[in-house]
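Peer 1: Have a look at this prediction, sequence included:
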Amino acid sequence: METKPLDLGTYRSERRTEQIDKLARQYTPALKRYFARHACIDASTDDLVQEVFKRLAGRKAGNAIRNAEAFLIRTAQSVRHDHMRRIQSRSLATHVEYEEKKHAIGDFSPERVYIGKDRVNHVFDALQELPPRTRDVFILCRFEGLKQYEVAEQLELSTASIYTHLKAAITHLAARLGD
């Protein structure tokens with residue numbers, strides 16, 4: 001098959017559209033096979049093929065494409081690479097679709113709300129029973145999410161004493177709250 005240079009920039013917009021449509025008809029089946037073969041299951045192969053031709057249509061005028069087939073293959077590889085990087089950066093592979101049975105929060109009955117508030121009050125009361133330094137260490141580590149060495153620096157204590165305070169707080173809360 002002889003390939004002649006493709007210069008989409010020298011044509012009127014209708015002619016340019018015709019050229020891209022012709023390439024799309026000719027290469028879409030091969031591009032679909034390429035994307036299907038390279039495990040692009042997170043997106044529709046049609047969407048990925050469309051992205052290839054979108055990039056072709058978006059090329060600036062003046063740069064002729066010497067080999068349309070090679071250009072489309074390189075563009076498809078680039079689209080696949082971008083797609084895989086997007087999946088990885090957004091953790092799409094670990095995405096779980098919302099299902100009412102699994103993810104819905106139970107009832108918001110007044111009784112359930114009351115029980116929840118009562119539990120929070122018990123935790124608050126148990127925290128108030130702790131010595132101030134122990135309470136501060138526990139709150140900074142567990143509620144504020146600071147690491148033990150960060151709390152040690154902030155409170156000017158050793159990491160060993162932070163560990164001791166945390167252990168005391170957890171022991172007290174477990175005994176007081178029953179868990």
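Peer 2: Nice, I can see it.
Peer 1: distance between the biggest helix by length in the chain and the chain's centre?
Peer 2: In the chain, assigned by DSSP state H, the helix with the most residues is helix 13-37. On the basis of Cα atoms, centre = their mean, to the nearest Å, helix 13-37 sits 31 Å off its chain's mean C-alpha point.
Peer 1: Show me what it is packed up against.
Peer 2: helix 45-57, helix 68-89 (3 or more Cβ pairs under 8 Å, 6 or more residues apart in numbering; DSSP states H and E). C-beta coordinates here come from the backbone N, C-alpha and C atoms, glycine included.
Peer 1: if you compare those helices, which one is most tucked away?
Peer 2: Neighbour counts (mean count of other Cβ atoms under 10 Å) averaged over each of the helices and strands packed on helix 13-37 peak at helix 45-57, with a mean of 17.
Peer 1: then that one to PDB, C-alphas only?
Peer 2: The C-alpha atoms that make up helix 45-57 are tabulated as PDB, following Å, rounded to 0.1, in the frame of the first residue of the first chain:
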ATOM      1  CA  THR A  45     -12.400   1.700  22.700                       C
ATOM      2  CA  ASP A  46     -14.600   4.000  20.700                       C
ATOM      3  CA  ASP A  47     -13.700   6.900  23.100                       C
ATOM      4  CA  LEU A  48     -10.000   6.100  22.700                       C
ATOM      5  CA  VAL A  49     -10.200   5.900  18.900                       C
ATOM      6  CA  GLN A  50     -12.100   9.200  18.900                       C
ATOM      7  CA  GLU A  51      -9.300  10.800  20.900                       C
ATOM      8  CA  VAL A  52      -6.800   9.700  18.200                       C
ATOM      9  CA  PHE A  53      -8.800  11.400  15.500                       C
ATOM     10  CA  LYS A  54      -9.400  14.400  17.700                       C
ATOM     11  CA  ARG A  55      -5.700  14.800  18.000                       C
ATOM     12  CA  LEU A  56      -5.300  14.400  14.200                       C
ATOM     13  CA  ALA A  57      -7.900  17.100  13.600                       C
END
